[in-house]
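**Q** Structure here, sequence nowhere to be found:
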């Protein structure tokens, strides 16, 4: 089964069919580590459940990403943030001159963004993950990009954003 999935990944990595294979393999393969949460945060667990209703496409991308990182690197995804209030946004950007001039909103405030811990991945894996997400999900996304690894003051992490165009 693993050899078949790797063959599919290498041949059809640009097609949505891979998502179905990855998601089905996650259900069948007890070796795949589940998505986990920063500090086992119950708020994140609840928001993850809510995300399936609020933004099903982003929820499915997260699930496919976890299957991908398991298959490619034997590592799972760790969620560090899903929903963010304006007060949390202000706190995160408290040292930003740009934010001080104009209090901008975050995709997190609309269930359109997720932060994933990047520290568990090597630099080469980070590049591969971001490229995979952007290649697979950019089409049909309202935003110009789907994933990038950055630091906005709270530490380096993957930011993934998606809303159907």
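**A** Sure, I can see it. Source: prediction; values computed, not measured.
**Q** you'd agree residue 98 is in a helix?
**A** Yes. Under DSSP: H, G, I helix; E, B strand; the rest coil, residue 98 sits within a helix.
**Q** burial count for it?
**A** 8 (other C-beta atoms under 10 Å). Where C-beta positions appear, they are placed from N, C-alpha and C, glycine not excepted.
**Q** Just give the nearest non-adjacent residue to it, would you?
**A** Once flanking residues are discounted, residue 98 sits nearest to residue 104: 7.7 Å by C-beta to C-beta, 6 or more residues apart in numbering.
**Q** so which helix or strand takes in the one you found?
**A** Using DSSP states H and E, residue 104 maps to neither a helix nor a strand.
**Q** Check the burial of residue 136 by counting its neighbours.
**A** Using other C-beta under 10 Å: residue 136 sits among 20 other residues.
**Q** Look up how far residue 38 lies from the closest residue in space to residue 82 that isn't next to it in sequence.
**A** Using C-beta to C-beta, 6+ apart and skipping residues adjacent in sequence, the residue nearest residue 82 is residue 47, 4.0 Å away. As judged by C-beta to C-beta, to the nearest Å, residue 47 and residue 38 stand 12 Å apart.
**Q** For these two, indicate the residue with more neighbours.
**A** residue 47 (20 against 15).
**Q** From the chain's centroid, how far away is the helix or strand where the residue nearest to residue 82 lies?
**A** Element membership of residue 47 [criterion: DSSP H and E] is helix 42-54. Helix 42-54 has its C-alpha centroid displaced from the chain centroid by 14 Å (C-alpha atoms, centre = their mean, to the nearest Å).
**Q** And stretch 49-68, by the same measure?
**A** The answer for stretch 49-68 is 8 Å, by C-alpha atoms, centre = their mean.
**Q** Show the average pLDDT along it.
**A** Averaging pLDDT along stretch 49-68 gives 97.
**Q** Much appreciated, bye for now.
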